[in-house]
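>>> sharing a model prediction with you, sequence too.
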Amino acid sequence: MCVKLRNIKNLPVLLEVSVETVGRVDKAVIGDNYCLLYIVVNLNEGKQVMIFRDDFYMTKEAVMIWEAESMKSYAHGEELTVYEKKLGDCVYSPEGRELGTVSDFILDTEEKSVQSIEVSSGAIRDWLDGRIAIPLEQIRWASDVNVMVNQEGSD
């Protein structure tokens with residue numbers, strides 16, 4: 001199953017044994033290897049915790065944790081995830097034509113890794129044609145702000 005990273009925010013976090021809602025996802029932190037490292041959760045009592053990737057599984061409706069002990073202290077980190085660094089980067093075809101901008105990452109929930117990037121071509125074009133998804137293996141980060149689609153990803 002795949003889910004857009006922006007759709008993970010605000011998912012309820014449930015303790016699997018009791019199906020008790022312990023909080024809601026605040027953000028997902030993606031590492032330089034395009035894998036989910038951990039999620040930050042706002043607990044019902046107002047505190048923030050982090051849960052590492054091996055301590056939960058995701059559905060489209062919720063994040064399930066096996067035990068409350070998997071919630072670790074989170075001291076308001078100012079980490080800049082790859083996700084935040086890459087949103088808004090310009091995406092170009094192999095011929096140099098601008099395709100749009102990176103609007104989201106699409107995460108494989110079983111592997112907990114980025115499968116593809118979503119590209120926005122502008123409000124009207126997105127509404128008429130929809131946004132496109134380009135598999136991660138078909139892109140090359142040409143610079144800090146530009147993405148080049150490999151030849152096989154240009155169809």
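Alright, I've got the coordinates. Numbering: from 1, shown residues only.
>>> what's the longest helix in the protein?
The residue-count maximum for a helix in the chain (DSSP state H) belongs to helix 123-129.
>>> in this structure, which spans are helices?
Going by DSSP H, the chain shows helices at 82-86, 123-129.
>>> buried deepest among those helices, which one?
helix 82-86 (a mean of 17; mean count of other CB atoms under 10 Å). For glycine as for every other residue, the C-beta is placed from the backbone atoms N, C-alpha and C.
>>> average pLDDT for it?
The predicted model assigns helix 82-86 a mean pLDDT of 89.
>>> export the helices of the chain to TSV and append columns for distance to N42.
Shown next, in TSV, are the helices of the chain (distance: least, CB to CB, whole Å):
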stretch	distance to N42
helix 82-86	18
helix 123-129	30
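>>> so which of those helices gets nearest P12?
Ranking the helices of the chain by their distance to P12 (criterion: CB to CB) puts helix 82-86 first, at 21.0 Å.
>>> what's next to that closest one, contact-wise?
Outside of helix 82-86, the residues within contact range by CB atoms under 8 Å, 6 or more residues apart in numbering are 5, 28-32, 34, 102, 105, 117, 141, 144, 147.
>>> how about these in CSV, adding pLDDT?
As requested, the contacts of helix 82-86 are exported to CSV (pLDDT from 0 to 100):
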residue, pLDDT
L5, 93
A28, 93
V29, 92
I30, 93
G31, 91
D32, 89
Y34, 93
V102, 95
F105, 96
I117, 96
W141, 85
D144, 78
V147, 87
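>>> who wins for neighbours among those residues?
F105 (27 neighbours; other CB atoms under 10 Å).
>>> what residues are up against it?
Shown in contact with F105 (CB under 8 Å, 6+ apart): 4-5, 30, 34, 83, 86, 114, 116-118.
>>> quick one: which of the residues you listed is nearest G130?
For these, the nearest to G130 is E118 (10.0 Å; CB to CB).
>>> look at the closest residue to that closest one other than its chain neighbours and report its pLDDT.
Among residues not flanking E118 along the chain, D104 sits closest, at 4.1 Å (CB to CB, 6 or more residues apart in numbering). On the pLDDT scale, D104 is placed at 96.
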